[in-house]
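> After the sequence you'll find the predicted model.
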Amino acid sequence: MVNNMTGKEYTVSKFMANVFGVLFMFLVIIIVFNFFRIFGEISLNDFLYLISRNSIFILVVLLILAILHEFLHAICFILSNDAGWKDIKFGIHWKWLIFYAHLKVPISKSTYRISILLPGIILGIIPTVCGMIFENVIIAFVGAVMTGAAGGDLVVIWMLRAIPSDRKILDHPSECGFILINNND
């Protein structure tokens, strides 16, 4: 069924999505550091020391959260009632070190947008803000990294901005992006 669907592709390469994500992650980390520098009076050396001292823990948490990020995409896809577990393919693009959850059936633009945004909000923005509020450098740092990990998702959201809300979207099977399904399909 999916192979017969046609439409305009809106994609960005995995390389460019990674570049944007890394740049966005560094921007958020700089914001987090400056918050702690100004309000928590933490020096750069103290900030880096806290991160390096907890680096193994942080790496394990980030790996778990990266998998959870894709699982949250899948949960949103399923909650739309347009898809089931059988319609989702999970995997890893080893070349780019990217986990993915690919939806094989089309869904509404609004459901797709929510499905794309939710992991970055829950695993990125909320922990970043909570870490800053509760003065926990590690939680804020992990949240900042996960916000950056949602960088590719933000690129997709940007591409969605001009799509009419009544259109169906098919998650692109191999690139970062989607296919706008033709109205006659």
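Yep, that arrived. None of the values given here were measured: they were computed from a predicted structure.
> Can you pull the phi/psi pair for the residue nearest to the spatial centre of the chain?
Note on the chain: the residue nearest the mean C-alpha position is residue 150, at 2.6 Å, using Cα atoms, centre = their mean. Dihedral pair for residue 150: phi -90, psi 10, per degrees, to the nearest 10.
> what's the distance between it and residue 126?
To residue 126, residue 150 is 12 Å away according to Cβ to Cβ, to the nearest Å. Quick note: C-beta positions are derived from backbone N, CA and C, even for glycine.
> And residue 94, by the same measure?
29 Å.
> out of these two, which sits in the busier spot?
residue 126 (15 against 7; other Cβ atoms under 10 Å).
> Just the element for the more buried one, please.
Under the criterion of DSSP states H and E, residue 126 resides in helix 126-133.
> residues in contact with whichever helix or strand comes after that helix?
Scanning forward in sequence from helix 126-133 by DSSP H and E, the next helix or strand is helix 137-149. Contact with helix 137-149 is made by 21-22, 24-26, 28-29, 31-32, 35-36, 40, 42, 47, 50-51, 54, 57-58, 61-62, 65-66, 69, 120, 123-132, as judged by Cβ atoms under 8 Å, 6 or more residues apart in numbering.
> could you give the mean pLDDT of helix 137-149?
Per-residue pLDDT values across helix 137-149 average out to 96.
> what number of residues lie near residue 137?
Counted with other Cβ under 10 Å, the neighbours of residue 137 add up to 21.
> residues touching residue 151, list them.
Taking Cβ under 8 Å, 6+ apart, we find residue 151 in contact with 17, 18, 20, 21, 22, 23, 24, 25.
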